[in-house]
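K.L.:
Okay, predicted coordinates and the sequence, questions at the end:
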Amino acid sequence: MNERRYCYPPLKLHRDSRSGEVSIGEVAARVMENLTVEAAGTIAAVNTITLGPSANSARRTGKGGARNHSDRESFALKSAQVENLVAATQHALKIGLPFNRMITVHWEAAGVPLKDMPQATGRFIDLLSKTVTRKGGKVAWVWVHEGGEKKGGHVHILAHVPEHVIDVVTNLQMGWLKAITGSVYRRGVIHTKPIGQRRGLEKNNPLLHRENLNSVLMYILKGSSTDAARKIGLVRLEPGGRVIGKRCGTSQNIGLKARTNTQIAALAQGITV
């Protein structure tokens with residue numbers, strides 16, 4: 001099957017949005033805005049960055065160790081994690097798997113304890129990936145865990161789901177939650193929508209899709225540390241809440257190893273990535 005590649009402008013994180021939707025008019029009239037970081041005690045962040053090839057150099061913070069312990073607690077995304085998520089999103093675009101779905105699962109509302117949230121997310125991602133693969137498609141994803149007294153533990157997932165599999169996934173996901181939690185589905189536990197509010201936007205209007213992708217990516221990064229926000233110019237911060245275990249992740253095909261291999265292959269062919 002021939003895959004269609006899309007031409008996108010540079011990915012930027014530069015605006016505050018809860019819905020993730022941007023209009024054509026907003027794209028045409030885009031101006032730099034001075035936005036104040038919302039978390040108490042933080043400074044106003046630089047409001048615009050362009051994420052290009054250098055984002056692929058996201059660094060590691062060691063070789064496993066405590067950060068991978070299932071009982072490790074964290075309260076914000078670290079700089080290396082943010083850089084990795086941004087670079088993974090950029091790489092998904094480069095390999096023709098642009099994120100077109102945003103999925104949020106409120107695990108605590110579904111009865112999943114905070115300590116079990118990483119396992120629940122892992123099972124959901126596994127079911128999603130296997131379903132897409134069985135239907136002859138390719139999948140890519142990033143996810144971020146958040147906690148907090150009001151919303152409880154939940155996950156935000158940005159994923160590439162092929163058009164012919166979207167309805168299949170939508171119809172199956174409530175059953176997945178029942179299998180994962182062992183209880184009947186509770187209304188409002190899962191929210192899923194196309195990025196930009198329109199299916200096929202990544203094909204029909206790549207520029208507008210990129211702007212909307214920028215917006216939802218910034219939204220799921222809002223629980224970053226102030227240090228991470230300073231480094232990438234993140235315009236919005238909110239408390240990320242307490243998380244036990246892994247705080248974020250990416251699919252292997254857009255992870256650090258995949259990006260590094262792509263760079264090595266390109267350099268061997270004399271191509272600038």
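P.N.:
Ah, there it is.
K.L.:
Show the end-to-end separation of stretch 138-151, please.
P.N.:
End-to-end distance of stretch 138-151 (C-alpha to C-alpha, to the nearest Å): 32 Å.
K.L.:
Look up phi and psi at the closest residue to residue 98 other than its chain neighbours.
P.N.:
Leaving aside its chain neighbours, residue 98 sits nearest to residue 202 (4.5 Å; criterion: C-beta to C-beta, 6 or more residues apart in numbering). (Glycine included, C-beta is placed from N, CA and C.) Phi and psi for residue 202, reported as degrees, to the nearest 10, are phi -60, psi -20.
K.L.:
For burial, what's the neighbour tally of residue 202?
P.N.:
27 (other C-beta atoms under 10 Å).
K.L.:
I figured it hits residue 100, correct?
P.N.:
Yes: under the criterion of C-beta atoms under 8 Å, residue 202 makes contact with residue 100 at 5.1 Å.
K.L.:
shared neighbours of those two, anything?
P.N.:
Residues touching both residue 202 and residue 100 (C-beta atoms under 8 Å, 6 or more residues apart in numbering): 195, 209.
K.L.:
re the thing from before, which pLDDT value belongs to the residue nearest to residue 98?
P.N.:
Residue 202 carries a pLDDT score of 97 in this model.
K.L.:
Report the separation between it and residue 220.
P.N.:
18 Å (C-beta to C-beta, to the nearest Å).
K.L.:
go on, residue 144?
P.N.:
Where residue 220 is concerned, residue 144 sits at a distance of 5 Å (C-beta to C-beta).
K.L.:
just checking, residue 192 touches residue 103?
P.N.:
Yes: if you go by C-beta under 8 Å, residue 192 and residue 103 touch, sitting 4.6 Å apart.
K.L.:
what touches both of the two?
P.N.:
With C-beta under 8 Å, 6+ apart as the test, residue 192 and residue 103 both reach residue 173.
K.L.:
who has more neighbours, the two?
P.N.:
Between residue 192 and residue 103, counted using other C-beta under 10 Å, residue 103 has the larger neighbour count: 22 against 16.
K.L.:
Confirm the more buried one sits in a strand?
P.N.:
Yes: the assignment for residue 103 by DSSP: H, G, I helix; E, B strand; the rest coil puts it in a strand.
K.L.:
Next up, phi/psi of the spatially closest residue to residue 76 that is not a sequence neighbour, please.
P.N.:
Distance criterion C-beta to C-beta, 6+ apart; nearest residue to residue 76, sequence neighbours excluded, is residue 225 at 4.1 Å. As for residue 225, its main-chain torsions (degrees, to the nearest 10) stand at phi -70, psi 160.
K.L.:
In the stretch 1-150 of the chain, where is pLDDT below threshold?
P.N.:
1-69 (pLDDT under 70).
K.L.:
which stretches of the stretch 151-273 of the chain form strands?
P.N.:
Counting by DSSP state E, counting those that start in this stretch, the stretch 151-273 of the chain has strands at residues 154-160, 190-194, 243-244, 248-250.
K.L.:
Let's have the ones you listed in TSV, adding distance to residue 84 and mean pLDDT.
P.N.:
Listed next are the strands of the stretch 151-273 of the chain as TSV, based on distance: least, C-beta to C-beta, whole Å; pLDDT from 0 to 100:
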stretch	distance to residue 84	mean pLDDT
strand 154-160	13	98
strand 190-194	24	97
strand 243-244	16	97
strand 248-250	7	98
